[in-house]
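Chemist: any chance you can model this:
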Amino acid sequence: MDVTASTNGSAPIVSLPVAGTLADAQRSRDLLRIKIIATALFVASLVIAIVARLIEPHHWSLAYVAAWAEAAAVGALADWYAVVALFRHPCGIPLPHTAIISSNRERIAQSFGDFVQEQFLAPDPITEKLGSVDFAALAADWLADDERSASLSRFALRLLPQALSAIEETGLRAFVAQRITQQLNEVELAPFAAKLISAFVDDQRHQRLFDEVLVGLHRLLNDEKTHEAIREKMRRELPTLFNLFRADAYLVRRFVALVSAAIEEAKAKPDHPLRQEFDRFAREFVEKLGSSPEYAAKAEALKREFLARPEIRGLAEDFWQSISAFLQKDAQSEDSFLEVHLGRFLADLGRKLADEPKVRADINLGVVQVLQTFIQSHKREVARFITDQIRSWDVDQMITIIELNIGRDLQYIRLNGTFIGGLAGLALYSVEHALRFH
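Modeler: Presented below is the predicted three-dimensional model:
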């Protein structure tokens, strides 16, 4: 495809390849053949009309032949004009409303771009089409093949050293670390934490945490070391007379039994007072964390102190260096640990995904939403690109391409016009003749 500069300072003209394939050559021959047939039929109709008019006095039926031939010639001529006017000026004469495509290239380009944006890339048909594709099933089938998963694993790990080197050389790691730190500094920790904990509480997950606390407390109370520690504490606090009668052991057993019974009761009853009190405490804490300036200030100070500590930066640096060294060494090894396990993981993922219709449905829904969002956010650029491309095409070559692809069908319009025109002329002449002699 050649690009030449426009002489009027507008967009460059793009020269399109014409008849560059065997299919194009065949279309060109078919178009030429049907043009010859349509033109020959027009010439034949014209000749028949002239001859029939000349010898009409010799037989009355020749008048019908002449009427048919004249109307056929007129129909053929009219449709020839219509077809030619679509692409160029008939006989080179710049008549009004001819060479329609070249004269209206700008409007056609804009209209076609608008059509693509508003109709072709409309949300409903795009969603319907994307929804008919089972993306997750295709991915699952592909990944379930062990060789494909192993090949994908090798490909990914082969690129890993170059990717790590690029990250180091371009300063991307420092940039990302700086951006992450900046974003963390800008995040208001207290409201953010309040929203997270609020979602945690709304889902009643804090009650599950309460259950775990009760289980841990019950286990702690029934531990011998705990018993001994409590007994030792009581022995120091009780009078000597009580210790002589081993009251400390009795009190420990009673204390543990009472507390254990209370724990079991709290675990069994969803509306136990301890649970209600814990729920009240959690909700009040969330409310204060989200609205209290004092809580917010303490959270911000804690966040800044945590991020400013050199140990955090050093830990992150050491972690990156260790991970990077391990990944590069393993990727270059002939017996790569990551390659084997990543390949197995991908294959197993594909097989398990095939047995999870709900997960596949969720994946497909997510893919459709992502693609739909991407298409809708970029369809204006797509339409503008199409419009600019049509504007940049060389007009003569564009017309040649259009004519090459739809010209054969347009030539059939000429053939149909010849026959239908002849039939219409014959019908009109018959009606006129019948009325004349009625």
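Chemist: which one is the spatially most central residue of the chain nearest to, not counting chain neighbours?
Modeler: Nearest to the mean C-alpha position of the chain, counting by Cα atoms, centre = their mean, stands residue 371 at 1.0 Å. Closest residue to residue 371 apart from its sequence neighbours, by Cβ to Cβ, 6 or more residues apart in numbering: residue 130 at 5.7 Å. Any C-beta I mention is one placed from the backbone N, CA and C, and that applies to glycine too.
Chemist: report the buried residues of the helix or strand hosting that neighbour.
Modeler: Element membership for residue 130, per DSSP states H and E: helix 123-131. Across helix 123-131, burial judged by 16 or more other Cβ atoms under 10 Å covers 126-127, 130.
Chemist: is it true that the residue nearest to the centre of the chain lies in a helix?
Modeler: Yes - checked against DSSP: H, G, I helix; E, B strand; the rest coil, residue 371 lies within a helix.
Chemist: average pLDDT for stretch 325-333, rounded please.
Modeler: For stretch 325-333, the mean per-residue pLDDT is 80.
Chemist: contacts for it?
Modeler: For stretch 325-333, the surrounding residues in contact (Cβ atoms under 8 Å, 6 or more residues apart in numbering) are 157-158, 160-161, 164, 336-339.
Chemist: hmm, 6 Å instead?
Modeler: For stretch 325-333, the surrounding residues in contact (Cβ atoms under 6 Å, 6 or more residues apart in numbering) are 157, 160-161, 336-338.
Chemist: over to stretch 166-178?
Modeler: Residues outside stretch 166-178 that contact it (Cβ under 6 Å, 6+ apart): none.
Chemist: distance from it to the middle of the chain?
Modeler: 29 Å (Cα atoms, centre = their mean, to the nearest Å).
Chemist: what do you get for stretch 319-333?
Modeler: Averaged C-alpha coordinates place stretch 319-333 at 34 Å from its chain's average position (Cα atoms, centre = their mean).
Chemist: circling back: for the buried residues of helix 123-131, which one is nearest residue 284?
Modeler: residue 127 (44.9 Å; Cβ to Cβ).
Chemist: helices of the stretch 151-300 of the chain, start to end?
Modeler: For the stretch 151-300 of the chain, the helices defined by DSSP state H, counting those that start in this stretch cover 172-186, 189-202, 205-221, 224-237, 240-244, 247-268, 273-291, 293-308.
Chemist: nearest to residue 72, of those?
Modeler: Minimum separation from residue 72 across the helices of the stretch 151-300 of the chain (Cβ to Cβ) falls at helix 172-186, 75.5 Å.
Chemist: compute the inter-axis angle for that closest one and helix 293-308.
Modeler: In terms of direction (axes from the mean of the first three to the mean of the last three Cα atoms, to 10 degrees), helix 172-186 departs from helix 293-308 by 160 degrees.
Chemist: then helix 172-186 to CSV, C-alphas only?
Modeler: The C-alpha trace of helix 172-186 is given here as CSV (Å, rounded to 0.1, in the frame of the first residue of the first chain):
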residue,chain,number,x,y,z
LEU,A,172,10.8,0.5,36.9
ARG,A,173,11.2,-1.1,40.3
ALA,A,174,12.1,2.1,42.0
PHE,A,175,9.4,4.0,40.2
VAL,A,176,6.7,1.4,41.2
ALA,A,177,8.0,1.4,44.8
GLN,A,178,7.9,5.2,44.9
ARG,A,179,4.4,5.2,43.5
ILE,A,180,3.2,2.6,45.9
THR,A,181,4.6,4.5,48.9
GLN,A,182,3.1,7.7,47.6
GLN,A,183,-0.3,6.1,47.2
LEU,A,184,-0.1,4.5,50.6
ASN,A,185,0.7,7.9,52.1
GLU,A,186,-2.3,9.4,50.3
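Chemist: can you list the weak-confidence ranges in the stretch 301-438 of the chain?
Modeler: Applying pLDDT under 70 to the stretch 301-438 of the chain flags the ranges 307, 311-317, 437-438.
Chemist: pull up the gap between residue 38 and residue 45, please.
Modeler: 11 Å (Cβ to Cβ, to the nearest Å).
Chemist: how about the strands in the stretch 1-150 of the chain?
Modeler: 2-4, 13-15 (DSSP state E, counting those that start in this stretch).
Chemist: mind putting the buried residues of helix 123-131 into TSV with distance to residue 274?
Modeler: TSV is the format used below for those (distance: Cβ to Cβ, whole Å):
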residue	distance to residue 274
126	55
127	51
130	52
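Chemist: and those residues as TSV, adding pLDDT?
Modeler: Formatted as TSV, the buried residues of helix 123-131 follow (pLDDT from 0 to 100):
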residue	pLDDT
126	87
127	87
130	88
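Chemist: what's the closest of these to residue 281?
Modeler: residue 127 (46.4 Å).
Chemist: how many residues are close by residue 65?
Modeler: 19 (other Cβ atoms under 10 Å).
Chemist: look up how far residue 47 lies from it.
Modeler: Distance from residue 65 to residue 47, by Cβ to Cβ: 12 Å.
Chemist: same check on residue 432?
Modeler: Residue 432 is 24 Å from residue 47, by Cβ to Cβ.
Chemist: and residue 143, by the same measure?
Modeler: 72 Å.
Chemist: look at the two and report which has more neighbours.
Modeler: Ranked by neighbour count (other Cβ under 10 Å), residue 143 and residue 47 place residue 143 first, with 22 against 12.
Chemist: pretty sure that one is touching residue 149, no?
Modeler: Yes - counting by Cβ atoms under 6 Å, residue 149 is a contact partner of residue 143 at 5.5 Å.
Chemist: contact partners of stretch 130-140?
Modeler: Contacts to stretch 130-140, defined as Cβ under 6 Å, 6+ apart, come from residues 350, 353-354, 360, 363-364, 367-368, 371.
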